[in-house]
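Asker: My questions concern the predicted model and sequence given below.
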Amino acid sequence: MAADTATAKPISRSAGAEEFRTNGIPKDGPIPPASELDFKTYDITDPEIWRRNAYWDRFAWMRKNDPVHWCPDSPFGPYWSVTKYQDIMTVDTTHGVFSSEGGITVVDQDEDFQLPMFIAMDPPKHDLQRKTVQSIVGPDNLKSFESLIRSRTKKLFDDLPIGEPFDWVDKVSIELTTMMLATLFDFPFEDRRKLTRWSDVTTGRNNPDIVSGEEQWRGELMECLGYFTRLWNERVNAEPRGDLVSMLAHGEHTRNMTPQEYLGNLLLLIVGGNDTTRNSMTGGVYAFNKWPEQFAKLKADHKLIPSAVSEIIRWQTPLAHMRRTALQDFELGGKAIAKGDKVLMWYVSGNRDEEHYSNPNELWIERPRVRGHLSFGFGIHRCVGNRLAELQLQVLWEEILARWENIEVLEEPARVPSSFVKGYTKMMVKVTPKPA
C-alpha cells in the first residue's frame, strides 16, 4: 500500500505530464510493487517512480530489510542508500569521514564543467564561504523581510480568482519564492522568472521536459553566469550592499572566485531559495487536502501554525537526498562502506522512519519535537536559509487562514521526475472565501 494513502482523503486522479520513459516503465504503465523487486540490483533513483510518487513502499522495504542498501549499478554509478533516521544523522554529522567535496547529489559533475559551491566543500573553505552570505538571513534581516513577505502575499492573494480553478504552483508557490529570491539578489524584478527557469534547468539536466540535452543545459547555465556577471561588475565597483551578489563580490573569501565557482554558488543559492520553499508551499496545501481534520484543527487554533509549518516541511521533504563520499572505510548499519563510495542520505525516507516517528506517513500538526526533522540537514551543512523558509511558510498560512475557508485540490498534482528535488510542476486548486 502506498504510504501516503493510509487514512487520508483520496484525491481524484488526472492525466499526467508528457510521456517520460525510463528503465522500461512507460508513462502510466504498471509499476511493480516492492515485493516483486530484486533489491540486490535495485536503483531507486529511477525518475519515473518519482514522477508517479511510487517510491514509498521501496523505502519502507529498505528501512525494514536493508537500511544501508547497496546499488551496484545505476546511470550514475554504484552507491549506498542510507534510509533510517539515526543512520542518516551519523553520516550527516561525521564530517571527517563523509565528505561533500565529490558532489551533493547522486550525479557526478563533469570534469570539463565543474561548478564548485560551498555546500559541496569541506572545512575550512566551506565555513568561510558560507559565513560570507549567511548574515542575509540573520535575525535582523528576517524582521524586515516579514513585512515585505506579508505585503506581497496579501497583494498576490487579492489578485487570485475566487471560486475558479487555477494552478497553485505557478500562481502562488513559484511567484512568492521567486519574488523573495529577486530581493535576496537585488535582481531586476521584471526578470525574476529567469531565476525560476535557471533553478529548473539546474536540477533538470536529465529531464527532457526541461532541456533537450547537454548543450541546452550548459548553454542556459552560461546565460545565467553572463547575467550575474554583469550584476557582479556593477556591484564590485560600488560600495558594499546587503544583497547576495554584493556580499560575494566584496567578501574576503569569495571576491576572487573563478567564474565557474561564482556560477556554482549562484546555482546553490537559487535552488536552495527556490525549489525547497516553493515545493513546501504546494505540499502543505496538498497534505491538508489529504488530512482535512488537520486543516480544521489549524483553522480552530492559529497558534499551531509554527508547528504545522515544521510538520509540512517534514512531510514534504522538498529535497529527497543529499550525497556524501566516504574518505575512509567505515562501518554503518553492519555494512562495510569503502573509501571512495558514494553515500546517499535519503532524507525523504528518514523523515518517514517508523522507529523515530509515530504514524510517520500522516500529517500531524501537533507532532512532538517536529523541528527535529531531516529536511534541512544537520551539522555544518544545515540549510543556511531554514529560518527564512519557515518565515515564508508561516506568513503564507497566516494569510490563508485570514481569508479563505478552504483550498480544494481538484486533481492529483503533477510531480517533478527527479530523485533530488521532490516537488510539483502543477496543482490545480479552487479557493473558497470565509463567510462574510
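Answerer: Noted; the coordinates are in hand.
Asker: average pLDDT across stretch 94-109?
Answerer: Mean pLDDT, stretch 94-109: 85.
Asker: in that stretch, what's buried?
Answerer: Within stretch 94-109, the residues scored as buried using 16 or more other C-beta atoms under 10 Å are 95, 97, 98, 99, 100, 102, 103, 104, 105, 106, 107. (C-beta placed from N, C-alpha, C; glycine too.)
Asker: out of those residues, which are inside helices?
Answerer: Among these, no member falls in helices (DSSP state H).
Asker: how about these in CSV, adding distance to residue 216?
Answerer: Output for the buried residues of stretch 94-109, formatted as CSV (distance: C-beta to C-beta, whole Å):
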residue, distance to residue 216
95, 36
97, 38
98, 33
99, 31
100, 28
102, 26
103, 21
104, 23
105, 20
106, 22
107, 17
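Asker: Filter those residues down to just the ones in strands.
Answerer: 98, 99 (DSSP state E).
Asker: what's the spacing between residue 58 and residue 345?
Answerer: Plainly put, residue 58 is 16 Å away from residue 345 if you go by C-beta to C-beta, to the nearest Å.
Asker: Neighbour count: those two, which is higher?
Answerer: residue 345 (27 against 22; other C-beta atoms under 10 Å).
Asker: What is the end-to-end distance of stretch 238-245?
Answerer: With C-alpha to C-alpha, to the nearest Å as the measure, the ends of stretch 238-245 fall 12 Å from one another.
Asker: can you map out the helices along the stretch 251-400 of the chain?
Answerer: 259-290, 292-300, 305-316, 347-350, 386-403 (DSSP state H, counting those that start in this stretch).
Asker: tell me the most buried of those helices?
Answerer: helix 347-350 (a mean of 27; mean count of other C-beta atoms under 10 Å).
Asker: Alpha carbons of that helix, as CSV, please.
Answerer: In CSV, the C-alpha atoms belonging to helix 347-350 read as follows (Å, rounded to 0.1, in the frame of the first residue of the first chain):
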residue,chain,number,x,y,z
TYR,A,347,16.0,12.5,4.0
VAL,A,348,12.7,11.6,2.5
SER,A,349,13.0,8.1,4.0
GLY,A,350,14.4,9.2,7.3
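Asker: on contacts alone, who are the packing partners of that helix?
Answerer: helix 56-65, helix 85-93, strand 321-326 (3 or more C-beta pairs under 8 Å, 6 or more residues apart in numbering; DSSP states H and E).
Asker: which residues sit against that helix?
Answerer: 55, 59, 62-63, 81-85, 87-89, 317, 319-322, 356, 374-375, 377, 422 (C-beta atoms under 8 Å, 6 or more residues apart in numbering).
Asker: If we use 7 Å, what do you get?
Answerer: Applying C-beta atoms under 7 Å, 6 or more residues apart in numbering, the contact partners of helix 347-350 are 59, 63, 83-85, 88, 317, 319-322, 374-375, 422.
Asker: Just give the nearest non-adjacent residue to residue 266, would you?
Answerer: Nearest residue to residue 266, sequence neighbours excluded (C-beta to C-beta, 6 or more residues apart in numbering): residue 228, at 5.5 Å.
Asker: average model confidence for the helix or strand encompassing the one you found?
Answerer: Using DSSP states H and E, residue 228 sits within helix 214-236. For helix 214-236, mean pLDDT is 93.
Asker: Enumerate every residue touching residue 189.
Answerer: By C-beta under 7 Å, 6+ apart, the residues touching residue 189 are residue 182.
Asker: Now do the same for it: its pLDDT.
Answerer: Per-residue pLDDT puts residue 189 at 94.
Asker: So what does it look like in phi/psi?
Answerer: For residue 189, the backbone dihedrals (degrees, to the nearest 10) come out as phi -60, psi -30.
Asker: before we move on, back to that, any chance of the contacts of helix 347-350 in TSV, plus distance to residue 338, pLDDT and neighbour count?
Answerer: Listed next are the contacts of helix 347-350 as TSV, based on distance: C-beta to C-beta, whole Å; pLDDT from 0 to 100; neighbours: other C-beta atoms under 10 Å:
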residue	distance to residue 338	pLDDT	neighbour count
59	24	98	24
63	23	98	21
83	19	98	29
84	20	98	22
85	24	98	24
88	19	97	27
317	28	97	23
319	26	94	26
320	24	96	26
321	20	94	25
322	20	91	23
374	25	95	25
375	29	93	24
422	29	95	24
